[in-house]
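Asks: The following block contains a protein sequence and its predicted model.
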Amino acid sequence: MDHDLAILGAGPAGLAAARTAAECGLSVVLLDEQSTPGGQIYRDVDRVAPLRGDILGQDYTEGRTLTQSLTTPGITHITGATVWAIEEGQRISYTREGRGAQLSAGHILIATGALERPMPLPGWTLPGVMTAGAAQILLKQSGTLARRAVLVGCGPLLYLIGAQMLRAGTPPLALVETQTRGDSLRALRHAPGILRGWRYALKGLKMLADLRRAGVPRHTAAHDIRITGTDRAEGVEFTAKGQTRTIACDTVLLHHGVTPNTQAARSIDIPHHWDARQACYQPQTDAWGGTTLPTVHIAGDGAGIGGAKAASLAGQIAALDIAHHAGRLPIGDRDLKARPLLRRLSAERAPRAFLDTAYPPFAQALTPDDSTIVCRCEEVTAGDIRRFATMGCNGPNQAKAFGRAGMGPCQGRYCGLTVSALLATANGQDMDETGYYRIRPPLKPVTLGELAAMDTAQDAAE
Amino acid sequence: MKTASFETLSESRAEVPVTFAGQELMLPEGANLAAALLAAGITTFRHTPTSGAPRAPFCMMGACFDCVVEVDGITRQACMLTVTEGLTISMPQEGADGS
């Protein structure tokens, strides 16, 4: 084995796990697609915090305490590495700078984080339509801001990017929000959770107050939302309070929650189950992030959405368990070190039920109109998927054969949940019965040239 | 020319020449390529092979593949590339001159 532990993803879970594992004496290799550590939430934080920390806020700049983890001796950080295969739970194939490479490790921690929940609306494939997460990445890494943007969807991230745009001097034109008064009332059942997470609640209220003071209009309980334009987004049309209106804009930022990025875990056949409250599939993990494969753990949002702080705690907890299984940490020490972390993790997760209920996914984007494209890559519509169901298509993998849904380069990342939901409804099955696309390597496209240039341990031995 | 839909806060990077679909552009060296093209006013990065519909960056994190462009004959995600001097970028399956 080249390393005791290989970690996929240098976000909060991966960084925190790397430090904990290295402190336990493990040799750690951390693979990440980006050139700097931080994941999406702390994207490029070391360089950017001094440049525009005032715009991005303290929740972003404090990510530097995590990136400092990499100074712990025993961690090798491989940047710009696109992982495309995991085999036998111990061997990882990846591409870096146009060359394929492989490494092996006794244990693997998947810390690949979250993806934006797909939000198929009429017109969502037009240039000028992006995810709210994309707007945040543009602002963090590049200092790039949309001049005339409308924010569409629901949830705290929408308020955060709105507040950041405001601080940067380019406020959004409007917020078109999909949550209803009924959602807010239902969420009150989980009020004790939000009280435990009162710091988050206060931040949310502060951001909303800032947006209101700046005169950014908010339209709530919006429905029948469509993006207008022919070659690019020109406006957002929606109905709210019985009134239909259109807001002209250049950019539309979509968001109605994030979901675990399960591609890597699915590629090695770790079982996944539907979580009704978070409305997503989650890999089956134990309290330590352990999976059905003894050498593979999963930590952070990739195991279930909990946010950055929860992810870093889960990363530490998984690393302690891995250190134990690697024979470097007696079980008593593992449990002793994990106890305060598990307590803090429970506190971090406390507001989730409130947030998930107050800002549920936009119903009309979960069951789009027939004419709406659901698979962006292959341009397959919701109507196509429903038609496949009437022709006997009973699951997402068959849908590939019926009409190529999920077979484009994104490999179902932005249509998988929608296709499963459409087929489940059409066939009167639940989400577990319907299942999800079977994910097979390569997880990301790899060229023959990159394979031909592959360095392998075998070559080195010869 | 219409004002770009995006603007970039100053980072005092040196600008270098690149070509996109036959168009000469000056972009900040070392910047994220997708972000730099958006800020330069590029709205369409490619056309889909199925219907020819225009597409542009959507996720900015290497997941959606909507921002793919062609560099040295290989399709790559613009959001995962960095601006370098003399970069010649074309839309996939379309000529370097934009035809």
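Replies: Alright, I've got the coordinates. Everything numeric in this text was worked out from a predicted model, so none of it was measured.

Asks: distance of the residue of the stretch 251-400 of chain A found nearest chain B from A:Arg404?
Replies: Nearest residue of the stretch 251-400 of chain A to chain B, counting by CB to the nearest CB: A:Glu379, 4.6 Å away. In short, each C-beta sits where N, CA and C put it, glycine included. Separation of A:Glu379 from A:Arg404 (CB to CB, to the nearest Å): 9 Å.

Asks: Pretty sure A:Ala6 sits against A:Leu31.
Replies: Yes - A:Ala6 is in contact with A:Leu31 according to CB atoms under 8 Å; the separation is 6.6 Å.

Asks: what do those two both touch?
Replies: A:Ile92 (CB atoms under 8 Å, 6 or more residues apart in numbering or on different chains).

Asks: List the contacts of the most centrally placed residue in chain B.
Replies: The residue lying closest to the centre of chain B (CA atoms, centre = their mean) is B:Leu37, at 4.4 Å. By CB under 8 Å, 6+ apart, the contact set of B:Leu37 is B:Phe20, B:Leu25, B:Leu27, B:Phe45, B:Ala78, B:Ile89.

Asks: So for the nearest residue to A:Thr259 once chain neighbours are set aside, what's the pLDDT?
Replies: Leaving aside its sequence neighbours, A:Thr259 sits nearest to A:Cys280 (CB to CB, 6 or more residues apart in numbering or on different chains; 3.9 Å). A:Cys280 is assigned a pLDDT of 97 by the prediction.

Asks: so which strand or helix has A:Ser93?
Replies: A:Ser93 belongs to strand A:91-96 when assigned by DSSP states H and E.

Asks: In this structure the residue of the stretch 251-400 of chain A closest to chain B contacts B:Ser51, no?
Replies: Yes - counting by CB under 8 Å, A:Glu379 touches B:Ser51, with 5.5 Å between them.

Asks: which of those two has more neighbours?
Replies: A:Glu379 (19 against 9; other CB atoms under 10 Å in any protein chain shown).

Asks: What separation is there between that one and A:Gly403?
Replies: 10 Å.

Asks: And the helices in the stretch 201-350 of chain A?
Replies: A:263-267, A:308-325, A:331-349 (DSSP state H, counting those that start in this stretch).

Asks: Including distance to chain B, mean neighbour count and mean pLDDT, could those go into JSON lines?
Replies: Shown next, in JSON lines, are those (distance: least, CB to the nearest CB, whole Å; neighbours: other CB atoms under 10 Å in any protein chain shown; pLDDT from 0 to 100):
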{"stretch": "helix A:263-267", "distance to chain B": "9", "mean neighbour count": "24", "mean pLDDT": "97"}
{"stretch": "helix A:308-325", "distance to chain B": "15", "mean neighbour count": "27", "mean pLDDT": "98"}
{"stretch": "helix A:331-349", "distance to chain B": "23", "mean neighbour count": "15", "mean pLDDT": "97"}
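
Asks: Near chain A, which residues of chain B? Just list them.
Replies: Within chain B, the positions adjacent to chain A are B:3-11, B:31-32, B:35-36, B:38-39, B:43-45, B:48, B:50-51, B:53-66, B:68, B:74, B:79-80, B:82 by CB under 8 Å from any CB of the partner chain.
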